[in-house]
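Colleague: Fold the following and give me the result.
(one chain, ligands or ions: 1)
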Amino acid sequence: MTTRQRVTGQFRGGISPLLAVDRKAAKPLHRQIYDVFRAKIVAGDLRAGQQIPSTRELASELRISRIPVLNAYAQLLAEGYFEARVGAGTFVSSSLPDRPIACGNGVSPATHTSARPRRIAARAMALPHYERSPWMNGSGAFSVGQPALDAFPFRAWSNLIARYSRSLQVSALHYGNPMGLEDLREAITGYLRTARAVRCEPHQIMIVSGSQQALDVSARVLLDPGASVWLEEPGYWLVRDILTSAGCRLVPVPVDAEGLDVAAAIKLCRKARAAYVAPSHQYPLGVTMSASRRLQLIDWARRAGAWIVEDDYDSEYRYQSMPVASLQGLDHHSRVIYIGTFSKVLFPSLRLGYIVIPPGLVERFIAVRHSMDICPSHLHQAVLAEFIRQGHFSRHLRRMRLLYSERRNVLADSIREEFGSSLEVFGGEAGMHMVVMLPDGLDDKEIAVRAAQKNLWLWPLSPSYIAKDRRQGFILGFGNATSAEIPEAVRRLKSVMRSQS
Ligand SMILES: Cc1ncc(COP(=O)(O)O)c(C=O)c1O
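Modeller: Residues are numbered from 1 along each chain as shown. Presented below is the predicted three-dimensional model:
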């Protein structure tokens, strides 16, 4: 990227600022234009180096003659607010500070806080403050939720993107079906029936932008404010945000070696409206829900008239046995909403996932989804459908299963070598992470913060709990760390733990 491109960024070509002129006003047109540009530069709405539309473009947009625009630009150039670059156009002067120039009380409008509180919705206030924790800032050992991005079949994927971009039909530019592209829904149906024992037809599949949107749409369809929902404890923290902003009451339910403890959940809150579970590979402990718990859960849902949201986020990868069949496939009462994602099997920025909607609820899901974002974006859906159809998807899954199995073995061996039996290890049978529990007296967050300063990405376990009683440990992702890197990363883990104790 050249210096000039960096300075002008995406504004190359000069976007017109919001600017209205009043022909009947006493103030001359050139002065009105000058005042708007000057005020926007001072307020920081137009930044140093940003391109300004040409006088011809602006005059045409404002439907006035070019003369007042030329006069206003001449004044702004003379005063140093604008600079002209030969052959490139007019820009906000790059010698100005690249942040708002203090105005009046020295506070820019974007940071102004009024003395009177401004009321916003309770559901927005209920969410915790958004911040990226230090351990989320990197990739490699032991970042969680990151697939082996270096092993992604970029060539096949980018060839398909290029082909589809070149041959995009005009019809693909319109709003699409709120359920998503037919071809992709058929491809997903075939995959789910065969590989995950999900009972579904294409008309039940809704394409969404990942599990997070799937959970949001489902909560809006199924849950009223005040509804109680069972959640696995420890569990997936992002589902909490959805339910909290939906005004639901969270009921943390302990997870043991068989998964969510259904009997304990019934004791805690029999009348819950829904249960959120990841039965194939519980997050974060990695437990697979036993057959008897699955049947108990379905039985409870049937009797209570409740819903089960099944999050099947990474169960494609199992190392010592065949992938376990879905909970949805066992349900004969249409009580399970099955959610899947391509974030782990392909890559997370793709933002594509799906919901398998129980028969009879499809129309309500469509109504809610349509009110939220109308329909999914077209291009990546079409590319993904073809990627699956041409066999790249299943090939990639097979390759990744072998790769992750090797990385997982190296991690388990390295932990054993460095720590012996002093660290309890959980959940390495599937997925792309395992959990180690820390001996008493160690604080997982404190260690994680210090490790992040040394570029070691340890995800603490304790934030996965809702209740105060939390175990300390680490969720160790091995998806995006090579087998050569892992032993050294485990040695570094040992050294940060030692300096803490
Ligand atoms: C339990 C669980 N579900 C779902 C996801 C994926 O979410 P998304 O599809 O929104 O990327 C993750 C990601 O880490 C997860 O841990």
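Colleague: where exactly do the helices run in the stretch 401-501 of the chain?
Modeller: 444-453, 486-500 (DSSP state H, counting those that start in this stretch).
Colleague: cool, the stretch 201-350 of the chain as well?
Modeller: 211-222, 237-245, 262-269, 291-304.
Colleague: Out of these, flag the one nearest A26.
Modeller: Taking Cβ to Cβ, helix 237-245 is the member of the helices of the stretch 201-350 of the chain nearest to A26, at 49.9 Å. All C-beta atoms are positioned from the backbone trio N, CA, C, and that covers glycine.
Colleague: most packed of the helices of the stretch 201-350 of the chain?
Modeller: helix 211-222 (a mean of 22; mean count of other Cβ atoms under 10 Å).
Colleague: Tell me which helix or strand comes right after the helix or strand bottoming out on mean pLDDT in the chain.
Modeller: Lowest on mean pLDDT, DSSP states H and E among the helices and strands of the chain sits helix 3-8, with a mean of 34. Sequence order places helix 29-43 as the next helix or strand after helix 3-8, per DSSP states H and E.
Colleague: any idea which helix or strand comes after that next one?
Modeller: That would be, after helix 29-43 and using DSSP H and E, strand 51-52.
Colleague: which other helices and strands contact that following strand?
Modeller: If you count contacts as 3 or more Cβ pairs under 8 Å, 6 or more residues apart in numbering; DSSP states H and E, strand 51-52 packs onto strand 89-92.
Colleague: Write out the residues of the protein neighbouring the ligand.
Modeller: Neighbours of the ligand within the chain, by Cβ under 6 Å from any ligand atom: 145, 210-212, 236, 278, 283, 311, 313, 341, 343, 348, 353.
Colleague: hang on, the earlier thing: got the helices of the stretch 401-501 of the chain as JSON lines, with mean pLDDT columns?
Modeller: Below are the helices of the stretch 401-501 of the chain laid out as JSON lines (pLDDT from 0 to 100):
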{"stretch": "helix 444-453", "mean pLDDT": "96"}
{"stretch": "helix 486-500", "mean pLDDT": "92"}
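Colleague: thinking again about what came up before, so can I have JSON lines of the helices of the stretch 201-350 of the chain showing mean pLDDT?
Modeller: Listed next are the helices of the stretch 201-350 of the chain as JSON lines, based on pLDDT from 0 to 100:
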{"stretch": "helix 211-222", "mean pLDDT": "98"}
{"stretch": "helix 237-245", "mean pLDDT": "96"}
{"stretch": "helix 262-269", "mean pLDDT": "98"}
{"stretch": "helix 291-304", "mean pLDDT": "98"}
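Colleague: Next, the contact list for R273, please.
Modeller: 222-224, 227-229, 248, 306-307 (Cβ atoms under 8 Å, 6 or more residues apart in numbering).
Colleague: ditto for G286
Modeller: G286 neighbours (Cβ under 8 Å, 6+ apart): 426-431, 433-435.
Colleague: Repeat the analysis, applying 7 Å as the threshold.
Modeller: 426-431, 434-435 (Cβ atoms under 7 Å, 6 or more residues apart in numbering).
Colleague: Give me the lowest-pLDDT entry from these.
Modeller: Scanning these for pLDDT, the low point is G428. It has 84.
Colleague: Low-confidence stretches in the chain?
Modeller: For the chain, residues meeting the criterion pLDDT under 70 lie at 1-13, 100-115, 501.
Colleague: So in that sheet, which strands flank the longest strand seen in it, and in what orientation?
Modeller: Ranked by number of residues, the top strand in the chain under DSSP state E is strand 249-256. In the sheet, strand 249-256 lines up against strand 228-233 (parallel), strand 259-260 (antiparallel) (DSSP bridges).
Colleague: Would you reformat those as CSV and include mean neighbour count?
Modeller: Output for the strands paired with strand 249-256, formatted as CSV (neighbours: other Cβ atoms under 10 Å):
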stretch, mean neighbour count
strand 228-233, 25
strand 259-260, 26
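Colleague: Out of those, which is closest to P178?
Modeller: Here strand 228-233 is closest among those (Cβ to Cβ), at 25.2 Å.
Colleague: now what about the closest one, what contacts it?
Modeller: Against strand 228-233 from outside (Cβ under 7 Å, 6+ apart): 223, 239-240, 243, 248-255, 260, 265, 269, 271-278, 282, 465-467.
Colleague: Buried ones only from these, please, as a ChimeraX command.
Modeller: This is how ChimeraX selects the buried members of those, with burial counted by 16 or more other Cβ atoms under 10 Å:
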select :223,239,240,243,248,250,251,252,253,255,260,265,272,273,274,275,276,277,278,282,466
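Colleague: For H332, grab the count of nearby residues.
Modeller: By other Cβ atoms under 10 Å, 9 other residues sit near H332.
Colleague: Need phi/psi at it.
Modeller: When read as degrees, to the nearest 10, the backbone of H332 gives phi -100, psi 10.
Colleague: Any idea how far the helix or strand hosting A74 is from the middle of the chain?
Modeller: Take DSSP H and E as the rule and A74 turns out to sit in helix 66-78. Distance of helix 66-78 from its chain centroid, counting by Cα atoms, centre = their mean, to the nearest Å, is 46 Å.
Colleague: Which strands or helices does that helix pack on?
Modeller: Here helix 66-78 touches helix 29-43, helix 55-62, strand 82-85, going by 3 or more Cβ pairs under 7 Å, 6 or more residues apart in numbering; DSSP states H and E.
Colleague: Deepest-packed of those, please.
Modeller: helix 29-43 (a mean of 18).
Colleague: Let's see that helix as PDB, backbone CA atoms only.
Modeller: Provided in PDB are the C-alpha atoms of helix 29-43 (Å, rounded to 0.1, in the frame of the first residue of the first chain):
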ATOM      1  CA  LEU A  29     -23.600  30.000  -1.300                       C
ATOM      2  CA  HIS A  30     -19.800  29.900  -1.300                       C
ATOM      3  CA  ARG A  31     -19.900  30.900   2.400                       C
ATOM      4  CA  GLN A  32     -22.400  28.200   3.300                       C
ATOM      5  CA  ILE A  33     -20.200  25.600   1.600                       C
ATOM      6  CA  TYR A  34     -17.000  27.000   3.200                       C
ATOM      7  CA  ASP A  35     -18.700  27.000   6.700                       C
ATOM      8  CA  VAL A  36     -19.800  23.300   6.400                       C
ATOM      9  CA  PHE A  37     -16.400  22.000   5.300                       C
ATOM     10  CA  ARG A  38     -14.600  24.100   8.000                       C
ATOM     11  CA  ALA A  39     -17.000  22.900  10.700                       C
ATOM     12  CA  LYS A  40     -16.600  19.300   9.700                       C
ATOM     13  CA  ILE A  41     -12.800  19.500   9.700                       C
ATOM     14  CA  VAL A  42     -12.700  21.100  13.100                       C
ATOM     15  CA  ALA A  43     -15.100  18.600  14.500                       C
END
